[in-house]
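# Show me how the following folds:
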Amino acid sequence: MPKTHTQFVCQQCGRISAREMGRCPQCGAWNSFVEEVIAPAQRPSKHTKGLSLTTSTPRRLIDIDAPQEDRLVLPLGEFARVLGGGIVPGSIILIGGDPGIGKSTLLLQVALEMARQEVVLYVSGEESERQIRMRAQRLLDGGADRGEEPARANLQGLYLVTETQLPQILEHITALQPRLLIVDSIQTTYLPELESTAGSVSQVRECASRLRELAKTSGITVFLIGHVTKEGTIAGPRVLEHIVDTVLYLEGDRFQSYRLLRSVKNRFGATSEVGVFEMGERGLVEVPNPSQAFLAERVVNAPGSAIAVTMEGTRPLLVEVQGLTSPTPFGNPRRTANGVDINRLLLICAVLTRRLGLRLSEQDVFVNVIGGLSVEEPAADLAIAAAIASSYRNRPVRADVVLIGEVGLSGELRMVGQIAARLREAAALGFQAAIVPRRLARSESYPNSIEVIEARSLQQALSAALAGEEAEHA
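Model prediction:
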C-alpha cells in the first residue's frame, strides 16, 4: 500500500524538491517553497462521507433554492458587530492574535453565552480540562458579580474535550451534534494518516479544509484559533485565510487594558470592522462607547494634543493624538511613531518644515495615539500635523474642536470619505467645531449640530486650530 509523503514546490517556477530550500536554485526566489502532501487515493471513511461540496450537475442560478437564514443572536454586542450582526450558521471563523492577548478567553466567553440556548463543543489541544474549567468559573463568577444569571445555568449546553486528532473530534461532533464548534487551536489539530507533524503546512491546510466541509454541509458554526508568527500574521499556509469565511485579529498592547477585535475578511459583513473590549480580572468586557473611553483621561488645553476622527469599518472613533517636539543634541533628529505609520509621520514633518517653516530638522518628533489604537487612514493627517505644530509653538489646540483631513505634499488639505458620519460622532460627544477640507462639490450635507470650519490649506487649518490665534512662520 503506497504511503503518504510530502514534497516542497516552488510557488514561482514549480520546481519540486524533497526538502525545504531557502532559495530556489531554478528561479532564484527566496522563501518560495511550500510543503504539499502527496497522498494515495483512498475510499471515503465514515467521518468524511457526505462532506463534499462539489456537485456534478450544472444548475441555473435562478433554480437554486437559497432561503434566508437568520443569524444566531450573540449576546456580546461588540463581537456580533464585527461578525456583521450575529453568527451565520455554517460559517467558519478564524481568530488570530499574539500569545496571551485573550483569544481563548474571548471564545470561552462566547461559548458560555451561547451555551444558554445552543449546544457548544469546545475542543482544546493546548490546555487541560481543569485549566479551562477554572477559567470558565472565573468568568462566570464575574458575570454573577454584574447581576447576571446564576453561574451554573451557563454550563448546561457546553461540552469540553481535550483532543488533537481530527477523526476523534469528528466522532464527538457526530455524537453531540453541536450548533457551535470551537477548536483551540488549529495548529495543534492533526490527521494521523499524514506523516507530517501537527502545525505543519499540510496538516493545517488539510484539517482546515475538512472542518470547512463539515461547516458547509452540516450547518455547524466553527471557530478556529490560530497562532501568529513573529511578523504578526497567522501561522501556516496563506491558503488558510482563503479557506475560512471570516478572519479576525485580536489586537492590543498586553500592558494596556483595551483589546481591539478587527475584521480583515468577512463574507457576511463589512471588513475592517472593529469591536472594543477591556481586559479585566473577570475576562473581556465590552466597551459600548469607545470614543468616550479613549478620551476619558484627556488633559484639556495641553499643548501637543489634538483629536482625530478615524473610521474603523462603519464606526467612527474619536482618538487623541499627542505630539511632542524636543531640541535634539544629535545631528540626526529622531522620529518616533506609536500608533501611526512612520512613513506618514516623515511626510507630515517634511510638509510642516517646507510649507510652514517649522524648523523640525533641529527637533526630535514623537507622535503617540492614546489607547493602543493604530490609525492607518490618512484622515488623521491634519490632527497629527496640529499636534506637532502645537507642541512646537507651545500653543494648545482648541479643546472643543476635532480635525479631519488628508495633508498633501503641497500643503493642501484633501477631502476624506464619510465626513458626515464623523461629524455626527464628534457632535454626539460634545465637540462644538470641526476643521475639515474645503469642499469642491456638495456631495453630502453637514449636520447642523456642529460648526464646520473649512480650510483649503494646512496653514489655514492651523490658524483656526491653535487656540484661535494666527499661526506664525518660524
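# Compute the number of surrounding residues for the closest residue to residue 228 other than its chain neighbours.
Spatial nearest neighbour of residue 228, excluding adjacent residues (CB to CB, 6 or more residues apart in numbering): residue 96 at 5.1 Å. Quick note: C-beta positions are derived from backbone N, CA and C, even for glycine. Using other CB atoms under 10 Å, residue 96 is surrounded by 27 other residues.
# Run through the bridge partners of residue 96.
residue 226, residue 249 (DSSP bridges).
# Quick check, it in contact with residue 251.
No. At 9.7 Å, residue 96 and residue 251 do not qualify as touching, with contact defined as CB atoms under 8 Å.
# quick one: strands adjacent to the strand or helix carrying residue 261?
When elements are defined using DSSP states H and E, residue 261 is found to belong to strand 258-266. Here strand 258-266 has these sheet partners by DSSP bridges: strand 246-251 (antiparallel), strand 274-280 (antiparallel).
# For those strands, which has the smallest mean pLDDT value?
Among these, strand 274-280 carries the lowest mean pLDDT, a mean of 89.
# any idea how far that one is from the chain center?
12 Å (CA atoms, centre = their mean, to the nearest Å).
# and if you look at stretch 126-144?
The answer for stretch 126-144 is 25 Å, by CA atoms, centre = their mean.
# For the closest residue to residue 333 other than its chain neighbours, the count of nearby residues, please.
Of all residues beyond its chain neighbours, the one nearest residue 333 is residue 364 (5.1 Å), with distances taken as CB to CB, 6+ apart. When neighbours are defined as other CB under 10 Å, residue 364 has 17 of them.
# Is residue 364 in a helix, a strand, or coil?
Under the three-state scheme (DSSP: H, G, I helix; E, B strand; the rest coil), residue 364 adopts strand.
# contacting residues around it?
Applying CB atoms under 8 Å, 6 or more residues apart in numbering, we find residue 364 in contact with 325-328, 333-336.
# State the distance from it to residue 258.
Between residue 364 and residue 258 the distance is 27 Å, computed by CB to CB, to the nearest Å.
# Same question for residue 337.
On the measure of CB to CB, residue 337 and residue 258 end up 19 Å apart.
# for the helix or strand containing residue 349, packing partners?
Secondary structure from DSSP H and E places residue 349 in helix 342-356. Here helix 342-356 touches strand 335-338, strand 363-369, helix 381-393, strand 406-407, helix 458-465, going by 3 or more CB pairs under 8 Å, 6 or more residues apart in numbering; DSSP states H and E.
# Pull up the pairing partners for the fourth one, direction included.
Strand 406-407 has the following sheet partners, assigned by DSSP bridges: strand 413-414 (antiparallel).
# Quick one: distance of the partner strand to the chain centre.
So, by CA atoms, centre = their mean, the centroid of strand 413-414 is 28 Å from its chain's centroid.
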